[in-house]
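Colleague: Any chance you could fold what I've pasted below:
(2 chains)
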Number of protein chains: 2
Amino acid sequence: MSQDTPKPRGRPPSKAARDKALVAAREILFDQGFGRLSVEAVAARSGVGKPTIYRHWANASELAMAALMAGFPESKSQGASLEHALSRQLTDLVRAFATTRGRQIAMALATADPDSELTRAFRNRVILSSREAGRSLIATAADRGEIHPPAGIEVTLDMIYGPVLYRLLAGHQPLDDAFAAALVDGALKLLTPAK
Amino acid sequence: MSQDTPKPRGRPPSKAARDKALVAAREILFDQGFGRLSVEAVAARSGVGKPTIYRHWANASELAMAALMAGFPESKSQGASLEHALSRQLTDLVRAFATTRGRQIAMALATADPDSELTRAFRNRVILSSREAGRSLIATAADRGEIHPPAGIEVTLDMIYGPVLYRLLAGHQPLDDAFAAALVDGALKLLTPAK
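Modeller: Alright, predicted model coming up:
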C-alpha cells in the first residue's frame, strides 16, 4: 500500500515544529531504542501536538525513518586515487553503521511499508547512496585510465557495499576499520587495472 | 535482554501440538504476512491452546522465526569444481530468498531480540549457513590445489554472500539466476587460481 502524505488541514505545519519533533524522535531512538518511539512519546518530549506530527508523517515508523535519515552522514566520493577514495568512503560508511544507529536503520528498513515514498527515500539516502557514490568513483577511475570499465557493474557494487549491511544484520563479524580496509582490497581485486 | 525458554508447567508439551502450531504459523505468514502473525491467530488456526504455544515459544516473533527456519532449505556445498559448486549453491540460495519468505526473513531478523538463543539459531541456520558452506567449498578447492588459500577469508565470504541479503533488503536489483551467476564470476575473481 503506497500512502501519500496527508493533506495539511488548518494552518500549514511550521518548520520549527517539524524540527523539534525530529530532534525528540532522535533522542528517543538513541536513548531508548526503536521500540519506544511512538507519536505520543515524541509529542510529550517535544511539546509539539500530535495533530501537527501527523500532518508531517503518517505514523511512528515514518517519523523514525525521517529522524534516522536526517542524522546520517552524506557519502563522499573523492580522493587522489580509486584506492584512496574507496578507503575514505568505506571507512566512513562502516563507522556510521557501527553506531547504535546501525541496528535501528536495519529495523526501520525491515519493518517499514516497502512501497511508501518515504521508505524509498530512506533506502536511497541511507542504504543505496554509498553504492551510487561508488559507481561514480569507479566511472571516474575508468575515465582517467586507472582501471578497465567493469563488465558487471551492478554486482560489483553489491559485492563492495552489500557486506556492510550483511555484517550489520547478521552480526557475525565486527564493523571496524580493518573490515573497511579488507573491503577496499577486495574491491580492487574485482576491478581490473588498465595496463 | 536474553530470555530463556520458559520452563514447562504441567504436562510436557507434545511434539504433535508443536508441529500443528508451526504449520499454522507458516500458513499465516505466507497467506497474510508477517504483521498478521500473533499467538492468538496461531491458536485459532491450529486448535492448539495458547498456554501450550507459550510453553514452546516466548512470543509471536520467536514462533515466526521457528516457522521460517523450519521451511528453509539446507545449504549444500558439493560439486565437481569450485565454480560448479558455488554456482549450484548460490542459485539455490538466491531462489530461496526470492520468494515472499525472503522479506519475512529479513523482518524476523531485524525485529527479533538480537541476543535470544532462537535469534542466534535463526541467524546461523538461515543467514550464515550458506557462508559456512562457502567456507568449506573454498577450503576443499584450496586443498586440492585449485586455488590459493585466500588471505582474508572472512571478508571474501562476506563479499560473496552479503550481496544476497543486500538485494533482499534494499530491493534495488532483482534476486534472479543472472545475479547468482554474476556472484560466481565475482567470487572467482576474489579467489586466486593456483598455477
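
Colleague: Grab the nearest non-local neighbour of A:P150.
Modeller: Counting by Cβ to Cβ, 6 or more residues apart in numbering or on different chains, A:P150 lies nearest to A:T156, which is 4.9 Å off, once chain neighbours are set aside. Where C-beta positions appear, they are placed from N, C-alpha and C, glycine not excepted.

Colleague: can you pull the contacts of that neighbour?
Modeller: Contacts of A:T156 were listed using Cβ atoms under 8 Å, 6 or more residues apart in numbering or on different chains, and they are A:I138, A:P150, A:A187, A:L190, A:L191, B:G186.

Colleague: Quick check: which of these has the minimum pLDDT.
Modeller: Lowest in pLDDT among the contacts of A:T156 is A:P150, which has 88.

Colleague: Over to that one. Which of the three states is it?
Modeller: coil (DSSP: H, G, I helix; E, B strand; the rest coil).

Colleague: can you pull the contacts of it?
Modeller: Counting by Cβ under 8 Å, 6+ apart, A:P150 has contacts A:I138, A:A142, A:T156, A:L190, A:L191, A:T192.

Colleague: so how far is stretch A:176-187 off the chain centroid?
Modeller: Centre-to-centre, stretch A:176-187 and its host chain are 19 Å apart (Cα atoms, centre = their mean, to the nearest Å).

Colleague: quick revisit: what about the residue nearest to A:P150, distance to B:Q173?
Modeller: 12 Å (Cβ to Cβ, to the nearest Å).

Colleague: what does the helix or strand of chain A with the lowest mean pLDDT rub up against?
Modeller: Of all helical and strand segments in chain A, the minimum by mean pLDDT, DSSP states H and E falls on helix A:100-111, at a mean of 75. For helix A:100-111, contacts defined as Cβ under 8 Å, 6+ apart pick out A:29-30, A:33-34, A:61, A:64-65, A:68, A:71-72, A:96-97, A:119, A:122-123, A:126-127, A:165, A:168-169, A:175, B:106-107, B:109-111, B:114, B:169-170.

Colleague: Can you report phi and psi for the nearest residue in space to A:S81 that is not next to it in sequence?
Modeller: Sequence neighbours aside, A:E146 is the residue nearest to A:S81 in space, at 7.0 Å (criterion: Cβ to Cβ, 6+ apart). When read as degrees, to the nearest 10, the backbone of A:E146 gives phi -80, psi -40.

Colleague: Surely A:E146 and A:A194 touch.
Modeller: Yes. The criterion here is Cβ atoms under 8 Å, and A:E146 meets it with A:A194 at 6.3 Å.

Colleague: These two: which has the busier surroundings?
Modeller: A direct count of neighbours by other Cβ atoms under 10 Å in any protein chain shown for A:E146 and A:A194 places A:E146 higher, at 15 against 12.

Colleague: Low-confidence ranges, chain A, go.
Modeller: Within chain A, the ranges that satisfy pLDDT under 70 run A:1-13, A:76-78, A:110-111, A:114, A:195.

Colleague: could you redo the last one with a cut-off of 80?
Modeller: For chain A, residues meeting the criterion pLDDT under 80 lie at A:1-13, A:33-35, A:71-80, A:99-103, A:106-116, A:194-195.

Colleague: which bits of it sit near chain B?
Modeller: Listed as neighbours of chain B in chain A under the rule Cβ under 8 Å from any Cβ of the partner chain: A:103, A:106-107, A:109-111, A:114, A:123, A:127-128, A:131, A:152, A:154-156, A:158-167, A:169-173, A:179, A:182-183, A:185-186, A:189-190.

Colleague: Which of these fall within strands?
Modeller: Per DSSP state E, strands hold no members of the residues of chain A next to chain B.

Colleague: Sort out which of those residues are buried, if you could.
Modeller: When the residues of chain A next to chain B are checked for burial by 16 or more other Cβ atoms under 10 Å in any protein chain shown, the buried set is A:103, A:106-107, A:109-111, A:123, A:127-128, A:131, A:152, A:154-156, A:158-167, A:169-173, A:179, A:182-183, A:185-186, A:189-190.

Colleague: between the least confident helix or strand of chain A and helix B:100-111, how big is the angle?
Modeller: Using axes from the mean of the first three to the mean of the last three Cα atoms, to 10 degrees, the direction of helix A:100-111 lies 150 degrees away from that of helix B:100-111.

Colleague: Now do helix A:100-111: distance to the chain's middle.
Modeller: Taking the mean of its C-alpha atoms, helix A:100-111 sits 9 Å from the chain's own mean (Cα atoms, centre = their mean).

Colleague: Extract the C-alpha trace of it and format it as PDB.
Modeller: In PDB, the C-alpha atoms belonging to helix A:100-111 read as follows (Å, rounded to 0.1, in the frame of the first residue of the first chain):
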ATOM      1  CA  THR A 100      23.700   2.100  17.800                       C
ATOM      2  CA  ARG A 101      22.000   3.900  14.900                       C
ATOM      3  CA  GLY A 102      23.000   0.900  12.700                       C
ATOM      4  CA  ARG A 103      20.600  -1.600  14.100                       C
ATOM      5  CA  GLN A 104      17.800   1.000  14.200                       C
ATOM      6  CA  ILE A 105      18.400   1.600  10.500                       C
ATOM      7  CA  ALA A 106      18.100  -2.100   9.800                       C
ATOM      8  CA  MET A 107      15.000  -2.300  11.800                       C
ATOM      9  CA  ALA A 108      13.400   0.800  10.200                       C
ATOM     10  CA  LEU A 109      14.100  -0.700   6.800                       C
ATOM     11  CA  ALA A 110      12.800  -4.200   7.500                       C
ATOM     12  CA  THR A 111       9.600  -3.100   9.300                       C
END
